[in-house]
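what follows is a predicted protein model with its sequence.
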Amino acid sequence: MKIIADANMPGLEPFEALGRVEQHEGRRLRREQLVDADVLLVRSVTRVDQALLSDTRVRFVGSATIGTDHIDQAWLASQGIMFAHAPGCNARAVAEYVLQSVLLLCKKRQCSPVGLSAGIVGMGNVGGRVVDWLRALGMTIRVCDPLLARKGVAGLGTIDEVLECDVVTLHVPLTEAGEDATVHLLDSKRLRAMRNNQMLINTCRGAVVDNQALLALLEQGKGPMTILDVWESEPVVPEALYRQVQYGSPHIAGYSVEGKLKGTEMLHGALCDWLQVAPAARANVLSKPFMDLPVSSEDDLLSLLQAAYDLREDHRRLGDSLEQADPAAAFDRLRKDYPLRHELHHWQPRGAVDPQWQPILSRLFVTA
Ligand SMILES: NC(=O)c1ccc[n+]([C@@H]2O[C@H](COP(=O)([O-])OP(=O)(O)OC[C@H]3O[C@@H](n4cnc5c(N)ncnc54)[C@H](O)[C@@H]3O)[C@@H](O)[C@H]2O)c1
Ligand SMILES: O=C(O)[C@H](O)[C@H](O)COP(=O)(O)O
């Protein structure tokens with residue numbers, strides 16, 4: 001069996017027991033490279049559709065990502081090609097990014113997040129965790145998720161109610177059709193209704209926010225304080241927009257070691273199920289290193305998060321990449337050569353905990 005996988009996919013060793021693994025650059029993958037492949041494993045930069053797979057031998061496609069907007073699932077189903085992805089794999093990494101973003105923005109505004117309102121758009125794997133963590137931090141929560149509302153989940157608001165909150169964070173899939181389509185969910189009108197003492201964080205997909213409208217607003221000194229991990233024109237990041245946001249990063253909110261490995265591991269499980277073979281036993285988990293917990297202020301919590309991962313570094317690196325001759329290639333290189341970054345549960349917390357900070361810290365250090 002021939003397995004073609006994205007070059008940025010770690011942890012492929014277990015697949016070697018199932019077939020011959022070849023890695024290729026995901027953004028440049030061509031149909032000719034797949035003609036005699038049986039299995040295709042991608043990340044978000046490969047568009048998987050008829051143009052890529054017609055007249056190939058591929059019968060199983062896996063995407064080691066949460067998002068699936070790059071996959072034409074209807075076409076795969078029509079061809080009887082099995083599809084699997086990795087829901088929730090990097091949700092903790094994204095939630096840690098969002099928590100750090102909230103603390104960074106509050107620090108810039110010289111305010112405390114406690115008592116501020118947080119509006120969460122989309123309450124799935126990531127949004128659900130963000131709701132739980134920001135509530136534990138002492139923020140009041142409003143959520144908009146029309147799909148959950150139709151399933152009977154109570155207490156949800158409308159998008160426009162949620163966009164009134166002090167902090168707005170986006171966690172929806174990118175969808176282009178239907179009444180819940182999310183493309184340009186934050187269009188020019190909705191963005192213009194936001195005040196400049198609000199904060200906006202986008203870690204889902206660039207096109208959920210109309211980037212041109214956002215830039216126009218920010219250039220006039222209006223609009224919310226903004227953090228963008230995702231950009232409408234990736235791998236191109238408009239320098240003007242980068243200069244206007246408080247922090248910007250190259251689509252890496254989910255790039256923890258654990259999140260990436262879990263994505264690959266979930267695909268391995270799905271492929272073994274499909275092949276009806278038992279997955280090989282996994283190696284024992286190593287004991288966890290200690291991390292001291294002197295948290296008695298928001299600054300301490302921010303330092304703790306930044307000891308594991310510092311968003312300001314990603315912002316600086318993205319800025320440097322925009323100075324290079326080919327910024328789009330530099331964007332991809334930043335992602336390919338991304339430094340090792342662990343989720344907080346990689347460490348074992350040590351030391352007395354101030355009761356005020358217990359709710360959030362207990363959530364950060366558990367594995368679930
Ligand atoms: N930046 C990154 O590295 C990164 C990492 C992981 C995920 N993501 C993106 O974040 C998205 C969300 O991740 P997730 O794991 O929470 O996905 P999920 O599928 O678990 O949850 C998405 C939620 O959005 C809701 N939703 C759909 N349309 C909506 C709308 N119009 N308004 C409000 N809610 C709506 C759904 O009902 C669902 O509850 C993914 O689809 C992916 O595109 C980005
Ligand atoms: O949807 C996701 O899971 C993330 O956006 C995705 O993992 C980003 O990383 P990439 O797949 O592009 O390497």
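In hand now; what should we look at? Ligands and ions are numbered 1, 2, ... in the order given.

what mean pLDDT does stretch 88-102 have?
Averaged across stretch 88-102, pLDDT comes to 98.

ignore what I typed, I meant stretch 207-215.
Across stretch 207-215, pLDDT averages out at 98.

how about it and ligand 2, any contact?
No: Stretch 207-215 is not in contact with ligand 2 by Cβ under 6 Å from any ligand atom; minimum separation 12.0 Å. Every C-beta, even on glycine, is put in place using the N, C-alpha and C of the backbone.

mind listing what's buried along that stretch?
Buried residues in stretch 207-215, counting neighbours by 16 or more other Cβ atoms under 10 Å, are found at 207-211, 213-215.

any chance of those in JSON lines, with distance to A118 and secondary structure too?
Formatted as JSON lines, the buried residues of stretch 207-215 follow (distance: Cβ to Cβ, whole Å; DSSP: H, G, I helix; E, B strand; the rest coil):
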{"residue": "A207", "distance to A118": "23", "secondary structure": "helix"}
{"residue": "V208", "distance to A118": "17", "secondary structure": "helix"}
{"residue": "V209", "distance to A118": "17", "secondary structure": "strand"}
{"residue": "D210", "distance to A118": "22", "secondary structure": "coil"}
{"residue": "N211", "distance to A118": "23", "secondary structure": "helix"}
{"residue": "A213", "distance to A118": "23", "secondary structure": "helix"}
{"residue": "L214", "distance to A118": "20", "secondary structure": "helix"}
{"residue": "L215", "distance to A118": "24", "secondary structure": "helix"}
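
does any part of stretch 116-127 sit near ligand 2?
No: residues of stretch 116-127 contacting ligand 2 under Cβ under 6 Å from any ligand atom: none, with a closest distance of 9.1 Å.

what are the C-alpha coordinates of that stretch, in PDB please?
Output in PDB follows, covering the C-alpha atoms of stretch 116-127 (Å, rounded to 0.1, in the frame of the first residue of the first chain):
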ATOM      1  CA  LEU A 116     -15.600  41.800  31.200                       C
ATOM      2  CA  SER A 117     -18.000  40.000  28.800                       C
ATOM      3  CA  ALA A 118     -16.700  37.400  26.300                       C
ATOM      4  CA  GLY A 119     -18.700  36.600  23.100                       C
ATOM      5  CA  ILE A 120     -17.900  33.200  21.700                       C
ATOM      6  CA  VAL A 121     -19.000  32.500  18.100                       C
ATOM      7  CA  GLY A 122     -19.300  28.800  17.600                       C
ATOM      8  CA  MET A 123     -19.300  26.500  20.700                       C
ATOM      9  CA  GLY A 124     -17.800  23.200  19.400                       C
ATOM     10  CA  ASN A 125     -14.500  21.600  20.400                       C
ATOM     11  CA  VAL A 126     -12.500  24.900  20.600                       C
ATOM     12  CA  GLY A 127     -15.300  27.300  21.400                       C
END
